[in-house]
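# let me see the structure of the following:
(one chain, ligands or ions: 2)
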Amino acid sequence: MSDSEKKHIHSFQAEVKQVLDIVIHSLYTNREIFVRELISNAADALEKMRHEKLVNESIADKDLPLEIHIDVDEDAKHICISDSGVGMTEDEIQENLGTIAHSGTREFLKRLKEASSSNGGVQLIGQFGVGFYSAFMVSHEVTVETRSFKTDAHGMQWTSDGGGQYALTAKDGLARGTKITLSLRDDAHEFADVERLKDTVKKYSNFVPFPIQINGEKVNTIQALWTRNKNDITGEEYTEFYKFIANANDDPIFHMHFSADVPLMVNALLYVPATNMEMFGFGKMDPGVNLYCRKVLIQQESNVILPDWLRFVKGVVDSEDLPLNISRETLQDNALIRKLRKVITSRFIKFLGEQFKTNREKYSEFWKTFGLFLKQGAVEDFEYRQEIAPLLLFESSSTENGETASLSEYVSRMRAGQDKIFYINGPSREALQNGPYMEAFAKRGIEVLYLYEPIDDFVLSSLHEFEGKTLTSADQGDLDLPDAPEAEEPSEKTPSLSKDDGEILCGWMKGLLGDKVTAVRDSKRLVESPAMIVSSDSMMSASMQRVMQAMQKDMLPLGKHSLEINLKHPILIQLFQLKNQGGSESFLKMIVDHIYDNAMIEAGLMDDPRTMVKRNYDILEKAITAKEF
Ligand code: ADP
Ligand code: MG
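Residues are numbered from 1 along each chain as shown. Ligands and ions are numbered 1, 2, ... in the order given. Below is the predicted model of the structure:
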């Protein structure tokens, strides 16, 4: 044995061991998906090869046809899957088949475990980026022989029984590409059956754009579905193709098949999946659209063809106008690509708008799963912000619990004289409905959008306006609301402090509260509640302050806010009287602080409500020892 042929034993990275453990021991149903995973890897390697051939001069075995061969030895119970793709160098093998590079690997393993214990979890394995290891579901030994297309690389052989280690040896005489040999486990002999394999390949890999031969017989129909006429494609074919390109097992929510000649020649077939993998606690998804030129893959999981916030979209974009030999490095600043991106993005946004209009129920389902991505787009992506706005949905005071309204629908319901779109952020519908901020709106019959996510405030404040109506947080201080239906002046029966008395009370309270508030004011809005915090910073609603506060705990001083008080409320009327009668200063201060703290709680701005406990007891003690009881 020469030095280079020495066998080196390597240990798998700890996380790989865990993946293998989950794959081998927890995933038992539907083991046939190993066929799909290995073929999908072979197809990826061939796609990369096809591209290399266009841009690279020196390539090993340049004339080798791009194909996948599956050879079954029914007696020996061996399956061999080989491709003439890019192959792997020694370093690449170690990196690809010995480690997993996932951001948040621990979290990832936890999710994989959860998915594997749930029904159908095995389906997801490809989406977890660990498809290769599925070979060990059916094999007691897996051998990978591979030679990279790079002319200076030598052949390598990788072998493992799926325990903790793998052996790596140099191997001469290999043709370019990768050959994976599975020695089937006793309980997996059923897979060494040509007919069974044919069915499996047809089921999962019919759209692989390279010939697949099983023991010499071609089994797949190669077709670029996206180049075919829409009218000739069945729903089933669309779904099957989705499952193939997304390596998924669910049905998509939507698909959009779009062709154009101007301003660019383009065929695009885009899908929205049914599940949001980021919701499963994965890190950020990779983009899901592959970029082709005349059916040749230019860039897999392209990050140039759609903006980041559309990374959940899966599919294919093919443009004949792209130069075939365009290098991946220059894609980013290619003017044609920019144009293509604009065309596809706008068309897809328009498509979503059409779905909203024609298929509300399905759109709502889409919104629940991927709404957050559109919100991200509205905040970050200045270019498409205005186009995204009509796609946003929110609950509101006029919708049923759980139902949503678009901004257009809101505008169409606006009261005469209303020139703003109002929104309020809070933890739940109930808290918002019963809080002080809604009182003035409820009285006037003005609809208010209910926002539950911190990002929602950023979305609406970055939009700033919609159809000429300013988007305004309902906790703003100087809101100019149209008159309430009935007379605003205090009726004879409702006792109220006079305007002058109110002014005295406000000034006195401001003195006690000091810098905690910008001002204390007589409220034009409050009906039932004694007081509320309003934002005196038109750029920052209370809920936005809340978010900032949470993000940067001690660093940010609170945004500016004022206290509005209700001069008709018995507590404030009594407070004024008690002050004039010379009530104890410490007790008066206690009441004022308490009113302020309660209002801060309603605004969601109270940092630590425990500071109120002692005062609560003091007040309880006063109440319980009061003469009247
Ligand atoms: P994924 O395909 O999602 O990356 P896998 O576990 O299926 O995850 O494969 C891991 C990596 O191993 C692939 O990304 C690829 O780099 C490499 N690989 C696997 N099979 C092949 C093959 N047939 N030819 C070349 N590289 C391969
Ligand atoms: Mg794979």
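
# ok, the spatially closest residue to E190 that is not a sequence neighbour to G507 distance?
Once flanking residues are discounted, E190 sits nearest to R196: 6.8 Å by Cβ to Cβ, 6 or more residues apart in numbering. C-beta: built from backbone N, CA, C; applies to glycine. According to Cβ to Cβ, to the nearest Å, R196 and G507 sit 87 Å apart.

# same drill for these two, tell me which one is more crowded.
R196 (14 against 11; other Cβ atoms under 10 Å).

# would you check that the more buried one makes contact with A188?
No - with contact defined as Cβ atoms under 8 Å, R196 does not count as touching A188 (11.3 Å).

# may I have stretch 424-441 as CSV, with CA atoms only?
Presented in CSV, the C-alpha positions along stretch 424-441 are these (Å, rounded to 0.1, in the frame of the first residue of the first chain):
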residue,chain,number,x,y,z
ILE,A,424,-53.2,50.4,18.3
ASN,A,425,-50.7,47.8,19.5
GLY,A,426,-51.3,45.5,22.5
PRO,A,427,-51.0,42.0,23.8
SER,A,428,-54.5,40.8,22.8
ARG,A,429,-57.8,41.8,21.3
GLU,A,430,-59.4,41.8,24.7
ALA,A,431,-56.8,44.0,26.3
LEU,A,432,-57.1,46.5,23.5
GLN,A,433,-60.9,46.5,23.4
ASN,A,434,-61.1,47.2,27.2
GLY,A,435,-58.2,49.6,27.4
PRO,A,436,-58.5,53.4,27.7
TYR,A,437,-57.2,54.0,24.2
MET,A,438,-60.2,52.6,22.5
GLU,A,439,-62.8,54.7,24.4
ALA,A,440,-62.9,57.7,22.2
PHE,A,441,-62.9,55.6,19.0
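
# skipping adjacent residues, who's closest to the residue of the chain found nearest ligand 2 in space?
Nearest to ligand 2, among the residues of the chain, is G131, at 3.4 Å (Cβ to the ion). What sits nearest to G131 in space, not counting adjacent residues and going by Cβ to Cβ, 6+ apart, is E37, at 3.5 Å.

# could you list the buried residues of the helix or strand hosting that neighbour?
Element membership for E37 (DSSP states H and E) is helix 33-55. Buried residues in helix 33-55, counted by 16 or more other Cβ atoms under 10 Å: 33-51, 53.

# cool, stretch 612-628 as well?
By 16+ other Cβ under 10 Å, the buried positions in stretch 612-628 come out as M612.

# could you list the domains of this structure?
Domain segmentation of the chain under automatic domain parsing yields 3-218, 225-361, 392-473, 499-626.

# got those domains as CSV, with distance to W367 columns?
Shown next, in CSV, are the domains of the chain (distance: least, Cβ to Cβ, whole Å):
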stretch, distance to W367
domain 3-218, 22
domain 225-361, 9
domain 392-473, 5
domain 499-626, 21
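
# figure out which of those is closest to F370.
Set against F370 and scored by Cβ to Cβ, those come closest in domain 225-361, at 5.5 Å.

# interface residues of the protein facing ligand 1?
37, 41-42, 45, 83, 85-88, 96-97, 129-132, 178 (Cβ under 6 Å from any ligand atom).

# of these, which belong to helices?
Using DSSP state H, the subset of the residues of the chain next to ligand 1 located in helices is 37, 41-42, 45, 96-97.

# how distant is stretch 168-178 from the center of its chain?
Taking Cα atoms, centre = their mean, to the nearest Å, one finds the center of stretch 168-178 at 41 Å from the center of the full chain.

# just to revisit the earlier point, shouldn't the residue nearest to G131 be in contact with S134?
Yes - counting by Cβ under 8 Å, S134 is a contact partner of E37 at 4.7 Å.

# what about stretch 156-167, how long is it end to end?
Distance across stretch 156-167, first residue to last, is 10 Å (Cα to Cα, to the nearest Å).

# cool, stretch 168-178 as well?
Start-to-end, stretch 168-178 (Cα to Cα) is 15 Å.

# mean confidence for it?
The pLDDT scores in stretch 168-178 average 96.

# what of stretch 56-70?
The average pLDDT within stretch 56-70 is 94.

# what lies in contact with that stretch?
39, 42-43, 46, 49-50, 52-53, 79-85, 147-151, 153, 175-177, 197, 201, 208, 210-215 (Cβ atoms under 8 Å, 6 or more residues apart in numbering).
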